[in-house]
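> Here is the input, now give the coordinates:
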Amino acid sequence: MTNLEIELHTRKQEKALWVDIRISNQRETLVLIRKSDERISQLFEETFEIRESGNGSLIPYTGPLVKRRAYTLADFEPLNPGEFIKKTIRIDNAYALSEAKTSYRIRGHLLLWEREKSAAGAVTTKWHAFTWP
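From the prediction side, this is the model:
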């Protein structure tokens, strides 16, 4: 999806690892993105792909999984041209990160409503590097 900027930044706060997400619509038309409750900072599904930088091994998601129905148009909200949203999510409690200092790469998967298909589709972010703990 052109002109949709999605930025990921990790930060350590106390003994927790957070991902700050900023989604900006630089298009001339609105984009329909999955609704998000800005007050919820816990994951309930595998939203990110995390890999060790050295060997590329996938870090498993260990957080809660919530069963849900298939997405419909009602699950999406508009992001108008020139607007942006920010969300912060804690990830150290949802992925099996090593207790030893390790370098990782992370990318996210953002769900959008594809009008042409009348179905949800995903946009994948660029990789972001971080070290933990």
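> so where is the protein shaky, pLDDT-wise?
Applying pLDDT under 70 to the chain flags residues 1-2, 37-41.
> Next up, identify which helix or strand the residue sitting nearest the centre point of it is on.
Taking Cα atoms, centre = their mean, the centroid of the chain lies closest to G108, which sits 3.9 Å from it. Using DSSP states H and E, the element containing G108 is strand 102-114.
> name the helices or strands packed onto that strand?
When contacts are defined as 3 or more Cβ pairs under 8 Å, 6 or more residues apart in numbering; DSSP states H and E, strand 102-114 packs onto strand 4-13, strand 16-25, strand 31-34, strand 48-52, strand 76-79, strand 119-124, strand 128-132. To be clear about C-beta, it is placed using only N, CA and C from the backbone, and glycine gets the same treatment.
> Burial check on the residue nearest to L8 when sequence neighbours are not counted, number of neighbours?
Nearest non-adjacent residue to L8, counting by Cβ to Cβ, 6 or more residues apart in numbering: H128, 4.4 Å away. H128 sits with 16 neighbouring residues when counted by other Cβ atoms under 10 Å.
> ok, now how distant is H128 from N55?
18 Å (Cβ to Cβ, to the nearest Å).
> And P133, by the same measure?
To N55, P133 is 19 Å away according to Cβ to Cβ.
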